[in-house]
Structures are given as C-alpha cells and as structure tokens.
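# need a 3D model of the following:
(one chain, ligands or ions: 2)
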Amino acid sequence: MENILYLVIPCYNEEEVLPETAARIKKKMSDLIGRNKVDQKSRVIFVNDGSKDNTWNIITKLHKQDKLFGGINLYRNRGHQNALLAGLLTVKDYADMVISMDADLQDDINAIDEMVDKYLSGVDIVYGVRSSRQRDSFFKKATAEGFYKAMNSLGANTVYNHADYRLMSRRAIEGLEQYKEVNLFLRGIVPTIGYPTDVVYYERGERYAGESKYPLKKMLSFAIEGITSFSTKPIRMITGLGFFIFLVSIGMMIYSLIRHFMGETIIGWTTLMGSMWAIGGLILLSLGVVGEYIGKIYLETKARPRFMVEQFINEKE
Ligand code: UDP
Ligand code: MG
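Ligands and ions are numbered 1, 2, ... in the order given. Predicted coordinates for the structure are as follows:
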C-alpha cells in the first residue's frame, strides 16, 4: 500500500497563525517521513479561501522555502466547507490519504500518527473526535451539542463531536466526488459514503491566535444548511400538523353541534367554528402534500450516488 499523505488546510484570514501552524506541521511531517510512516512525496496544501489579509502571500512564501508546502488560491470567499472540498478534490490524484484540519491549531496534530496507523491497517475514513469540550464556553458547548442531537433526530447521521478533522483515503474522496450537490455539508455526507471507518480521540485546544471565523451568524446558517440539506422531515412535520388540526376540527365540529343542539349558541357560530378549523387543517394538509413532492424533487436534483461498490470479484475467463 502506498502511503503518500496530503494535509489540506482551509485558511480564511489566518495570517496570524499560519507561520506557527506551518512550523509545527513541518516538524510533524518530517518526523512521519523520517520514520517511513508516510512517503516523502507527502505534502501540506493550504487552501486560501479568498482571504483579505496576507494569507496567500505567506502561503506562496512557504512554498518557495520548502516544497513540503503548497497552496490553492480560491477566487473569493466560498466558506469553509467549499474550501475544504476544493482542497480534497484537487489533491486526491496525488495522494493516497488526505487529512483535513483547521489552520488555527485547534485540532491536535499529534492525532495524525494514529490516523495514519489506522489508514495503514485498512481503514478508509478516520474521524477525529474531540474527547471533551472542557475548553469551550458553556454557550458554544450547549449550542454545538444541541445541534448534533437535532441533526441526528432529523435524519442526518453525523458523528457526535466530530468536526472536519478527518482522514480520507483516495477512494473515499472519489466516492465523495460523486455527490453533486451544491449545498455541501461534509459532516453529514461523509458517513453516507460507506467504506470502513474508525475514530481517533483528541483534545481540542484553543485557537492559537486570531479570532474565530465562525461568528454566531455563520454558525446558525451552517446549522440550518446542515438540516435542510439532509432532511425533508420539516415538510413531513407540516403534513403531520395539518392532519392533527384536521382531527381537532372534527372534535370542534362535534363540540359545536352539541352546543348548538343544547341551544346555547348564537346563529352562525357552529358553522363558523367547524369550517374554520376544517379549512385550516385542510390547507396545512395540502401544503404538506405539495411539500412532499417538492421534497422528492429536491432530493432528486441532488443526484446523489445510489451505491458505492466496495469490491467486485469476478473471474473473467
Ligand atoms: N475558514 C475558511 N473559510 C471561512 C471561514 C473559516 O476557510 O469562510 C477556515 C478557517 O481559516 C479555519 C477553519 O475554517 O482554518 C475553521 O474556522 P474557525 O477556526 O474560525 O472556526 P471555529 O474553530 O471557531 O469553529
Ligand atoms: Mg477554530
């Protein structure tokens, strides 16, 4: 088994951390290459996600100093997930395994050894899972954990407490390439690719320098993206609600008829009461049914691969 390792690191305005990140990674890579764990053709590729600061200059300088480092420059800021995908798909033909990680050193680079070991033992996807969230603020911890739970209950099977620190074999990335959707939520897609997987636990550190590029606003839109790009369950909820209200309307109808025959109502109340609930319920129900079809169209337009062949054994003669 060949073992060329590529690291893919998306960077958005990371001039403050890049030099330190590069230095630490260089040490790690020399160590791995020295011990023959990975091939000396292994590389570190920084993906510049349309930074407005000096990030790209630093990357080109690193590249000139040391052939270990390379870079991909995106035209403009397309967001973390797209930058990551650009990196994975660009390097996959040169690498046997690719590890994606953040530029800010929050992902412990010492977990790379274990990831590589797992790959060498035949695993295609190794998830980096944080062992604890002690260092996160209460707010970040609560929102993040709530998010994972909501995602899973809505039908997207994400790996709990795993961000985008992971190793993928070349064939796993080739599988990922077959997902043609534009709204990309890697964390949800990768587990659906198949192939043997494993996890590596690591302690998530603090950002080395600079500020988070994921303010609350981006985090929220990321969460909504994650849910809506994986699940049409919200539509089903509308259908359910419509059905429920329609049932209530039958109850209301009976109730108002009873009141009517007891002579306790003014003229018109019974009809109004019954029809109000019935029409409301029917409208929601129809909306849900229309939504179901839109949901189908939505899933079809994604044109996701329907299967992934693990192995094909066949005697030709
Ligand atoms: N990032 C990116 N494009 C963006 C936002 C972030 O490439 O639009 C990169 C960023 O440079 C970092 C990684 O994504 O390498 C994670 O971002 P950050 O550390 O700011 O997120 P946090 O750890 O706070 O969730
Ligand atoms: Mg970070």
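
# tell me which residue is most central in the protein.
For the chain, the residue nearest the mean C-alpha position is residue 187 (2.7 Å; C-alpha atoms, centre = their mean).

# after the strand or helix carrying that one, which helix or strand is next?
Using DSSP states H and E, residue 187 sits in helix 186-193. Later in the chain than helix 186-193, the nearest helix or strand by DSSP H and E is strand 197-202.

# need the residues of the stretch 1-150 of the chain near ligand 1, please.
Within reach of ligand 1 by C-beta under 6 Å from any ligand atom, the stretch 1-150 of the chain has these residues: 10-12, 14, 49, 77, 79-80, 83, 102-104, 106. C-beta coordinates here come from the backbone N, C-alpha and C atoms, glycine included.

# could you check how far the closest residue to residue 226 other than its chain neighbours is from residue 177?
Leaving aside its sequence neighbours, residue 226 sits nearest to residue 185 (C-beta to C-beta, 6 or more residues apart in numbering; 4.7 Å). Separation of residue 185 from residue 177 (C-beta to C-beta, to the nearest Å): 16 Å.

# when the two are compared, which one has more neighbours?
More crowded of residue 185 and residue 177, by other C-beta atoms under 10 Å: residue 185, with 20 against 13.

# which residues does the more buried one contact?
With contact set as C-beta atoms under 8 Å, 6 or more residues apart in numbering, residue 185 has these partners: 81, 156, 225, 226, 229, 230.

# quick one, grab the pLDDT at residue 311.
Note for residue 311: predicted pLDDT of 67.

# do residue 258 as well
Listed pLDDT for residue 258 reads 90.

# count of residues packed around it?
12.

# and the helix holding residue 187, how far out from the chain middle?
The chain centroid and the centroid of helix 186-193 are separated by 7 Å under C-alpha atoms, centre = their mean, to the nearest Å.

# can you give me the buried ones in it?
186, 187, 188, 189, 190, 191, 193 (16 or more other C-beta atoms under 10 Å).

# which other helices and strands does it contact?
Judged by 3 or more C-beta pairs under 8 Å, 6 or more residues apart in numbering; DSSP states H and E, helix 186-193 is in contact with helix 80-91, strand 162-169, helix 170-177.

# of the ones you listed, flag the one that's most buried.
Comparing the helices and strands packed on helix 186-193 by mean neighbour count (mean count of other C-beta atoms under 10 Å), strand 162-169 comes out on top with a mean of 23.

# elements contacting that strand?
Packed against strand 162-169 by the contact rule (3+ C-beta pairs under 8 Å, 6+ apart) you find helix 80-91, strand 97-100, helix 111-120, strand 125-130, helix 186-193.

# which one of the ones you listed lies closest to residue 36?
Nearest of those to residue 36, taken as C-beta to C-beta: helix 111-120 at 11.0 Å.

# surely residue 122 and residue 196 touch.
Yes: in terms of C-beta atoms under 8 Å, residue 122 counts as a neighbour of residue 196; the distance is 6.5 Å.

# which one of those two is surrounded by more residues?
Comparing residue 122 with residue 196 by neighbour count (other C-beta under 10 Å), the higher total belongs to residue 196, at 14 against 10.

# next one: phi and psi at the more buried one?
When read as degrees, to the nearest 10, the backbone of residue 196 gives phi -60, psi 140.

# so who does it touch?
Per C-beta under 8 Å, 6+ apart, neighbours of residue 196: 122, 123, 124, 125.

# top of the residues you listed by neighbour count?
With neighbours taken as other C-beta under 10 Å, the top of those is residue 125, carrying 26 neighbours.

# so it versus residue 308, what's the distance?
Going from residue 125 to residue 308 by C-beta to C-beta gives 12 Å.

# identify the contacts common to those two.
Applying C-beta under 8 Å, 6+ apart, one finds that residue 125 and residue 308 are jointly contacted by 193, 195.

# can you pull the residues of the stretch 151-300 of the chain lying near ligand 2?
Residues of the stretch 151-300 of the chain lying close to ligand 2 (C-beta under 5 Å from the ion) are residue 207.

# so residue 25 sits against residue 6, correct?
No: with contact defined as C-beta under 8 Å, residue 25 does not reach residue 6; the gap is 11.8 Å.

# which of those two has more neighbours?
Comparing residue 25 with residue 6 by other C-beta under 10 Å, the one with more neighbours is residue 6, at 24 against 21.

# gap between the more buried one and ligand 2?
Using C-beta to the ion, to the nearest Å, we find residue 6 at a distance of 21 Å from ligand 2.

# helix, strand or coil for that residue?
Secondary structure for residue 6, judged by DSSP: H, G, I helix; E, B strand; the rest coil, is strand.

# what are the bridge partners for it, then?
Under DSSP bridges, the beta-bridge partners of residue 6 are residue 43, residue 98.

# got the confidence number for residue 42?
You'll see residue 42 listed with a pLDDT of 95.

# surely it meets residue 25?
No: taking contacts as C-beta under 8 Å, residue 42 lies outside contact range of residue 25: 10.9 Å.

# now the helix or strand containing residue 287: buried residues?
Residue 287 belongs to helix 269-301 when assigned by DSSP H and E. Applying a neighbour-count criterion of 16+ other C-beta under 10 Å, one finds 270, 273, 274, 277, 278, 281, 284, 285, 288, 291, 295 buried in helix 269-301.

# all good on my end, thank you.
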